Structure formats: structure tokens, C-alpha cells
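Participant: using only what follows, build the 3D model:
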Amino acid sequence: MIQIEGLSKRYHDNIVLEDVSLNINEGDVIGIIGPSGTGKSTLLRCIDQLEIPEKGTINLGEKTIDLSKKNKKDINEIRQNTGMVFQRFNLFEKKTALENVMEGLIVVKKLSKEEARKIALEELAKVGMTAWANHYPKHMSGGQQQRVAIARALAMKPRLLLLDEPTSALDPELVGEVLDVIKEIAGKGYTMLLVSHEMSFVRNVSNRVIFLDKGHIVEDGTPTDVFEHPKNQRTKDFFAKMNLMNQPDYII
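Facilitator: Got it, this is the predicted structure:
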């Protein structure tokens, strides 16, 4: 089990996360939903130490790490146990797909180039990008770049995979190929936190859904519980508004 305890983050006077605690079981695929600006991405970024919270800890097995202390050794340990997939891919433009996947294996895991290359090729094959191994990001579509980014995260053999709106920067016609890859890896037992506005996808791929509002977890349950029988009024209002937005403006 991975435990997040008492995570709090603010930007000046704006409280983004307030005393958030979360128990994550091995194999959980947890969908994180809620209105924009409510702390969903910040939660993932604090876990991966891309943002430093005012307080909060993460328990990775036998070790508890204070997330509020920017300790290089602790950050390295966290990143050996987590993999992050960003909205905007964050690939190195001057490195090929293969080199992008190899980078973390060499720098963080301290593997030899030969070992890193072998693992990187295996992970690129899993996401259908073997033929693009020696291509640079500028020669790939957004969907292909995101698949490389997923391969890069998986190559680290993470205990926890963090996906921050992985399809939000893609053209609509490219969303499906990335969602298919995520669904496939979710079925292989990876432990995942998935932030997404793709509600139908979250509902189908997750075994658990969390609704965040104003920096607090206000709903936590199975997809059926949260989508069909929400207990919190804010969650009910959110889904009611989404259903209204999905209705046609007029009928012929």
C-alpha cells in the first residue's frame, strides 16, 4: 500500500490542497475528477516532487518521506518508484524516442546504456512505437509523442504511475489511440492515479474514483458509487451541469 498523509499546498493566499490523505492499494486504478482549478494536477505534481507542498508525507512500503522537505535523496527515491505522464509530453526535442525512454534509466536508475536500450525498446514495443524508435519528437504526431512518454514512464517500472490529463493536448482524432494504450496497461496490474476530463473513460478503466473540490476529497468510491450514486451535493451539481452541457442546443 502507498499512503499519502496530510498533503497541503497553497500558492500565496490560494489554498489548492488542504490536508489531503489517500490510501492507494497495489493494482488500484484511481480516476481523479472534479472541476478545473481544484487541485487535481497539483496533487500528482506534489507526489512526484515537481511541486513542494507546505506539508504532507508519502509512505512507500517501509519508508515514509516528508514531501515538504526538498531533499535530493528523497526526491530520487520517489522518482525511482513513480512514473509521470504529462499533458504536454515533455519529451526532449533533441533526443530520439529511444533516447527519451533511455534517459531516466541511465540518469535515475544508473543503468548502463546497453541495459537501458534493451528495456527502452521493450517498452516502445508495448505502446506500438518500435518503428519510431530513431525518430525525433518533431517528426511524430501528438498521439505518438504521448505513447513515447508513456513508454518512458513504464520503463522505470514504477510502483505508482501518475497520468496528468494525458489526452488534453491531443487533437480529438488522436485521443483514442492513447486511451487504448492506457487501458491496456491498466489491465496489466499497474497502480495508477489518472487525472482526466474523459468521464466515460475514467468510469470504464478505474476501479475507484475520487472527486476533488476546492482542495478536498469530497467523494471516494467505486465508479458506480460516484457516477450513479454520489453522496456529496457538490458532486451531484457537477454531474448535473455536465449532463446539461452534453445536451443539444436544439432538436430538429
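Participant: tell me who's in contact with the residue nearest the centre of the chain.
Facilitator: Nearest to the geometric centre of the chain sits residue 163, at 1.5 Å (Cα atoms, centre = their mean). Contacts for residue 163 were tallied using Cβ atoms under 8 Å, 6 or more residues apart in numbering; they are 44, 85, 182, 192-196. Every C-beta, even on glycine, is put in place using the N, C-alpha and C of the backbone.
Participant: now swap in residue 117 and tell me
Facilitator: 98, 102.
Participant: let me know the distance separating it from residue 105.
Facilitator: 9 Å (Cβ to Cβ, to the nearest Å).
Participant: what's the answer for residue 241, then?
Facilitator: In this view, residue 241 and residue 105 are 44 Å apart by Cβ to Cβ.
Participant: equivalent analysis for residue 140, please.
Facilitator: Distance from residue 140 to residue 105, by Cβ to Cβ: 20 Å.
Participant: and residue 207, by the same measure?
Facilitator: 29 Å.
Participant: cool, and residue 143?
Facilitator: Relative to residue 105, and taking Cβ to Cβ, residue 143 is found at 23 Å.
Participant: between those two, which is the more surrounded one?
Facilitator: Applying other Cβ atoms under 10 Å to residue 143 and residue 105 shows that residue 105 carries more neighbours, namely 23 against 19.
Participant: OK, contacts around that one?
Facilitator: 111, 115-116, 119-120, 155-156.
Participant: go with 6 Å
Facilitator: 111, 116, 119, 155 (Cβ atoms under 6 Å, 6 or more residues apart in numbering).
Participant: residue 68 in helix, strand or coil?
Facilitator: The three-state label given to residue 68 by DSSP: H, G, I helix; E, B strand; the rest coil is coil.
Participant: for it, which non-adjacent residue is spatially closest?
Facilitator: residue 55 (5.0 Å; Cβ to Cβ, 6 or more residues apart in numbering).
Participant: show the backbone phi and psi for that neighbour.
Facilitator: The phi/psi pair for residue 55 (degrees, to the nearest 10) reads phi -160, psi 170.
Participant: swap in the one 4 residues further on?
Facilitator: As for residue 59, its main-chain torsions (degrees, to the nearest 10) stand at phi -110, psi 120.
Participant: quick one: it from residue 6, how far?
Facilitator: Applying Cβ to Cβ, the value for residue 59 to residue 6 is 12 Å.
Participant: give me the element residue 157 is part of.
Facilitator: Under the criterion DSSP states H and E, no helix or strand holds residue 157.
Participant: what about it, neighbour count?
Facilitator: 14.
Participant: state the distance from it to residue 123.
Facilitator: Distance of residue 157 to residue 123, given as Cβ to Cβ: 10 Å.
Participant: ditto for residue 69
Facilitator: Distance from residue 69 to residue 123, by Cβ to Cβ: 32 Å.
Participant: so if I had to pick from these two, which one is more boxed in?
Facilitator: residue 123 (23 against 11).
Participant: what helix or strand is the more buried one located in?
Facilitator: helix 113-126.
Participant: distance from the chain centre to that helix, please.
Facilitator: 22 Å (Cα atoms, centre = their mean, to the nearest Å).
Participant: counting by contacts, list what the next helix or strand after it packs against.
Facilitator: Reading on from helix 113-126 to the C-terminus, the next helix or strand found by DSSP H and E is helix 142-155. Secondary-structure packing of helix 142-155 (3 or more Cβ pairs under 6 Å, 6 or more residues apart in numbering; DSSP states H and E): strand 82-85, helix 97-107, helix 113-126, helix 172-186.
Participant: redo those as a markdown table? Include distance to residue 12 and mean pLDDT.
Facilitator: Putting those into a markdown table (distance: least, Cβ to Cβ, whole Å; pLDDT from 0 to 100) gives the following:
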| stretch | distance to residue 12 | mean pLDDT |
| --- | --- | --- |
| strand 82-85 | 25 | 89 |
| helix 97-107 | 32 | 93 |
| helix 113-126 | 40 | 94 |
| helix 172-186 | 34 | 83 |
